[in-house]
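Chemist: turn this into a model:
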Amino acid sequence: MSPATTTRRPARSKAAARPGRTTRRRVLKVDHNKRWRPNSRRGGTCGYTLDGKTCSKRGAHYCEPRADKVVKFFAELLIHPAGALANTRFELAPWQEHEIIRPLFGEVHWSDQWGCYVRRYTRATIVMARKNGKSALLSGIALYMLVGDGEESAEVYGAAANTRQAGKVFEPAVKMMRKSPILAARLTHIKNARRLVDEKTGSHYEVIPSDADNELGHSPHCFILDEVLSQPDATLWDAMVTGAGARTQPLMLAITTETKDGASFGADMIDEADRVMEDPARAPHHFAFVRKMPRTVDDLERLWRLFPARPELPVSTDPWDEANWSWPNPALGSFLSVQALREDAAEARNDRSKENSFLQFRLNQRVSQVTRWLSMDLWNARVGEVAPTPDWIRAKLQGQRCWGGLDLSSKLDLTAFALVFPGGEVLWRFWLPESVVEDLDTHTNGRLSEWVAEGWITATDGDTIDYDRIYDDIAADHKDFRIVDITYDKWSGEPVRQAIVKRTRLKMLESDTTYLRMTGPMGELMRRLKADELSHFGNPVAQWMADVVEKKSPRDDPDRQRPVKPDREKTGKRIDGIPALLFALDGAMRGMPKPSVYESQGMAL
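Modeler: Sure, this is the predicted structure:
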């Protein structure tokens, strides 16, 4: 049964099929020179040569001969160890070659420290559904990093939840080595130690346990972490990353399927890869390849924006539509059986207990109720004019009507106040105790102190929030703008409401962050972002919060949603400015209060 004749189960969201797509051609066209890269011209002519081909570029660039070397290493030295392609040359599939191997190994930049061109990517995160050939691909990468990368005394390590799981990458590498006369003559397999040794360069590749306490003395040239979702925390990853500092061009590679635990190391790593895919400038050293079945219409439209010309993109959010399976399964139809997915889908539809496993492992979809919410490509496109200072924005909007939203946190943390204007402009105020600044600096690479110094955040003296300063600033805004009303979180407390009303006479309306109260404002915010009806002026604090905010939706009704506050102590994440914005939007959606009958008819005497 072809995708065109598949009986369609109604989608779980309101997503319609993508218009203008009647065929699904699997033609992959990639212009590697158009990939985003830092605008750097440092360094002379590259000059890297392979088989008579010399790279004449300079600065940050795609070096085709370097990428060719890795592709040829696979095709000329490696043999598929198992599966349908067993005992055939390892010729990379188009998506493996052009979307992973060539950009990962071909992108270079000039290193002042080493005085030469080195690989740009030192981190890589690959996220795709299971059974898409990741073990064989990782085995090939490990062998190349061991003998083909020109690194003396290279240390290559593989780890997973346990040595048995890590062996699923190591054992295929051993089989490839044995099937290759050149590698078999060069490498020695020490079976009991699970180690491959290259005596020529003094290099080795071995499996290590998932116990970072014993792994602090390594200096990895390459570290491969398989199934990140199985790691309890970032300890092992951090130990390896910090140990690679003395290497010229190390590669820390993590590969995984989506997790079901939204509050985990695996989820954080996957979400970060998602963000880097949206905005490569966020981390130019981080390579991200993320293929997931979208859960919501917003997720689907985000993919269409990021990859507008890709024929294998999902056409809806229906997990049972075969037309949607190719994106999370790039090997589908080649060395991944379509029939196998059909059988799994049939079982999942007939047995609800198997549905989550199908969604997570076959469609690479997070089955947790908590997921990332805002797409940063949309957020960054709605800056409007970039404000050099907070006061610059306020001067431009003085005297205009607006609606307020207040998210007052505990006395020991950050509080946010947002104003939304009829033209879509948004202003924020943020307050926090001075004692919190140092801790949040560690989670923002020192940016929070800069935001305080520049006036984007007000740090009050002492260990607790200064409520009087909050009341004074809101009263000042009431003088500068025509605030219609302020919607506030009822958990802020009655004394806060009374104090603000006493000083300003403003109307205060109670709200909360339940599904009932948040679904409407969250939908309105997304509508405004898509329609270009919102301007946040590049507020750096609000951007930080928009980047980490998550939403929670019931599995049976993804259209209901509410923001989720992360574990502040463990992650350092803060989202207070987003609920404040949602409260303000709630007020703007209500509009102006109805006029009093006395205003229109006068008072009868």
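Chemist: when you work out contacts or count neighbours from here on, use the C-alpha atoms and nothing else.
Modeler: Fine.
Chemist: for the residue positioned nearest the centre of the chain, give me its contacts.
Modeler: Central residue of the chain (C-alpha atoms, centre = their mean): Asp274, 2.5 Å from the mean position. Asp274 makes contact with Ala288, Val290, according to C-alpha atoms under 8 Å, 6 or more residues apart in numbering.
Chemist: let me know the helix or strand that it is in.
Modeler: In the assignment (DSSP states H and E), Asp274 maps to helix 265-278.
Chemist: and that helix, what's buried?
Modeler: Residues of helix 265-278 classed as buried: 265-278 (neighbour count, 16 or more other C-alpha atoms under 10 Å).
Chemist: from those residues, pick the one nearest Ile141.
Modeler: Taking C-alpha to C-alpha as the measure, Ile141 lies nearest Ala273 of the buried residues of helix 265-278, at 19.7 Å.
Chemist: which residue comes closest to that closest one once chain neighbours are left out?
Modeler: Using C-alpha to C-alpha, 6 or more residues apart in numbering and skipping residues adjacent in sequence, the residue nearest Ala273 is Ala288, 5.3 Å away.
Chemist: that neighbour against Ile270, yeah?
Modeler: No. If you go by C-alpha atoms under 8 Å, Ala288 and Ile270 don't touch, sitting 9.2 Å apart.
Chemist: shared neighbours of those two, which are they?
Modeler: Here Ala288 and Ile270 share the contacting residues Thr125, scored by C-alpha under 8 Å, 6+ apart.
Chemist: burial count for Pro495?
Modeler: Per other C-alpha atoms under 10 Å, the neighbour tally for Pro495 reads 9.
Chemist: name the element the residue nearest to Ala273 belongs to?
Modeler: Applying DSSP H and E as the criterion places Ala288 in strand 286-290.
Chemist: in stretch 514-532, what counts as buried?
Modeler: Neighbour-count burial for stretch 514-532 flags 515, 517-522, 524-526, 529-530, 532 (criterion: 16+ other C-alpha under 10 Å).
Chemist: export the residues you listed to TSV and tack on pLDDT, secondary structure and distance to Trp379?
Modeler: Output for the buried residues of stretch 514-532, formatted as TSV (pLDDT from 0 to 100; DSSP: H, G, I helix; E, B strand; the rest coil; distance: C-alpha to C-alpha, whole Å):
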residue	pLDDT	secondary structure	distance to Trp379
Tyr515	87	helix	23
Arg517	88	helix	23
Met518	88	helix	19
Thr519	90	helix	19
Gly520	91	helix	19
Pro521	93	helix	16
Met522	92	helix	14
Glu524	93	helix	14
Leu525	93	helix	10
Met526	90	helix	10
Leu529	91	helix	7
Lys530	88	helix	9
Asp532	91	coil	10
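Chemist: the strand holding Ala288: partners in the sheet, and parallel or antiparallel?
Modeler: strand 123-127 (parallel) (DSSP bridges).
Chemist: any idea of the angle the strand it pairs with forms with helix 265-278?
Modeler: 100 degrees (axes from the mean of the first three to the mean of the last three C-alpha atoms, to 10 degrees).
Chemist: contact partners of strand 123-127?
Modeler: So strand 123-127 is contacted by 104, 251-258, 269-270, 273, 285-292, 364 (C-alpha under 8 Å, 6+ apart).
Chemist: how much space between His61 and Pro103?
Modeler: Using C-alpha to C-alpha, to the nearest Å, one obtains 10 Å as the distance from His61 to Pro103.
Chemist: now do Glu258
Modeler: Distance from Glu258 to Pro103, counting by C-alpha to C-alpha: 23 Å.
Chemist: quick one: which of the two has more around it?
Modeler: Under the criterion of other C-alpha under 10 Å, the comparison of Glu258 against Pro103 puts Glu258 first, with 31 against 22.
Chemist: ok now do the more buried one, which residues does it touch?
Modeler: Residues in contact with Glu258 (C-alpha under 8 Å, 6+ apart) are Val127, Met128, Ala129, Leu229, Ala267, Ile270, Gln360, Phe361, Asn364, Gln365, Arg366.
Chemist: export these as JSON lines, with columns for distance to Asp473 and secondary structure.
Modeler: Formatted as JSON lines, those follow (distance: C-alpha to C-alpha, whole Å; DSSP: H, G, I helix; E, B strand; the rest coil):
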{"residue": "Val127", "distance to Asp473": "46", "secondary structure": "strand"}
{"residue": "Met128", "distance to Asp473": "48", "secondary structure": "coil"}
{"residue": "Ala129", "distance to Asp473": "50", "secondary structure": "coil"}
{"residue": "Leu229", "distance to Asp473": "45", "secondary structure": "helix"}
{"residue": "Ala267", "distance to Asp473": "38", "secondary structure": "helix"}
{"residue": "Ile270", "distance to Asp473": "39", "secondary structure": "helix"}
{"residue": "Gln360", "distance to Asp473": "47", "secondary structure": "helix"}
{"residue": "Phe361", "distance to Asp473": "51", "secondary structure": "helix"}
{"residue": "Asn364", "distance to Asp473": "47", "secondary structure": "coil"}
{"residue": "Gln365", "distance to Asp473": "44", "secondary structure": "coil"}
{"residue": "Arg366", "distance to Asp473": "42", "secondary structure": "coil"}
